[in-house]
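Student: Sequence and predicted model, in that order:
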Amino acid sequence: MVNNTAALIVALDYPEAKPALALAEQLKSTGCRLKVGMELFTHAGPALVEKLVSQGFDVFLDLKFHDIPNTVAGAVKAAAELGVWMVNVHALGGRDMLIAAREALAPYSQRPLLIAVSILTSLDNTDLYAMGLHGSLTDNVLRLARLTETNGLDGLVCSPHEISLIRQSVSTQLQLVTPGIRPQQSQQDDQKRIMTPQEALQLGANYLVIGRPITRAPDPLQALQTIAQSLTA
Ligand SMILES: O=c1ccn([C@@H]2O[C@H](COP(=O)(O)O)[C@@H](O)[C@H]2O)c(=O)[nH]1
């Protein structure tokens, strides 16, 4: 990717629209993309998403749909109507749900990218074992990556630690969207599988999702620019 800023997706995790719109205004000229997740969406709703789309941003609607196929199909259609660039579902929703989501988007001439979430970056092997997902975390991610690829979705949310294995044994084509990104010296927060932006991009991530290292920085625009520069170093 020539413009590395286009690989950056800034997570607007705020409890109201005002700070999200203020940050969007600051970041407008950078070419980054924006992510609206469940906190902001639950507070500010579809109107905020439509506003960001109308301002020219590529918006990733990160609501991680996980329900019966019919319900998820309706939800991804609603996302497409908002004009978002990317939408996601949980791969653990299973084959029929993934197919229903893909088929629901097929009629749209400009449809959002459909991405499946594998295993959240806030989880590790111990968490998975306690949830009854036996086998290593990597095995679980690879299994869900295969399910995602087989059922024709565009990409996968995973941690950067799984990129190489997915590229080697599942697909070179899936768009890999990686949260758990932490520049050197950043706080880990609640993330358990982290990596620096530079390493993640070098391993083959297509998109890096970054929230608090930017949104909680004293100067978020500067924080984004520093990250973007580190990608070309
Ligand atoms: O596995 C996942 C899936 C989604 N996320 C989301 O990404 C951002 C990360 O924010 P940070 O502040 O950079 O930790 C956040 O909106 C999550 O909901 C994830 O972290 N892991």
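Tutor: Alright, I've got the coordinates.

Student: going forward, measure contacts and count neighbours with C-alpha atoms only.
Tutor: Noted.

Student: Tell me the pLDDT of residue 3.
Tutor: Turning to residue 3, the model gives it a pLDDT of 72.

Student: Was I right to think residue 50 contacts residue 83?
Tutor: Yes. Counting by C-alpha atoms under 8 Å, residue 50 touches residue 83, with 7.2 Å between them.

Student: Can you pull the residues of the protein lying near the ligand?
Tutor: Contact residues, the chain versus the ligand (C-alpha under 6 Å from any ligand atom): 11, 13, 37, 119-121, 179-181, 209-212.

Student: This structure: strands as residue ranges?
Tutor: Counting by DSSP state E, the segments of the chain that form strands are 8-11, 33-37, 59-65, 86-90, 113-117, 155-157, 175-178, 207-210.

Student: which outside residues touch the last one?
Tutor: Residues outside strand 207-210 that contact it (C-alpha atoms under 8 Å, 6 or more residues apart in numbering) are 7-11, 175-182, 197, 200-201.

Student: again with stretch 156-174
Tutor: Defining contact as C-alpha under 8 Å, 6+ apart, one finds that stretch 156-174 is touched by 115-121, 138, 141-142, 145-146, 148-149, 153-155, 175-180, 193-195, 200, 203-205.

Student: Quick one: mean pLDDT over it.
Tutor: Along stretch 156-174, the predicted confidence averages to a pLDDT of 98.

Student: chain center to it: distance?
Tutor: Counting by C-alpha atoms, centre = their mean, to the nearest Å, stretch 156-174 is centred 14 Å from the centre of its parent chain.

Student: Return the set of buried residues in that stretch.
Tutor: Of all the residues in stretch 156-174, those buried under the rule 16 or more other C-alpha atoms under 10 Å are 156-163, 166-167, 170-171, 174.
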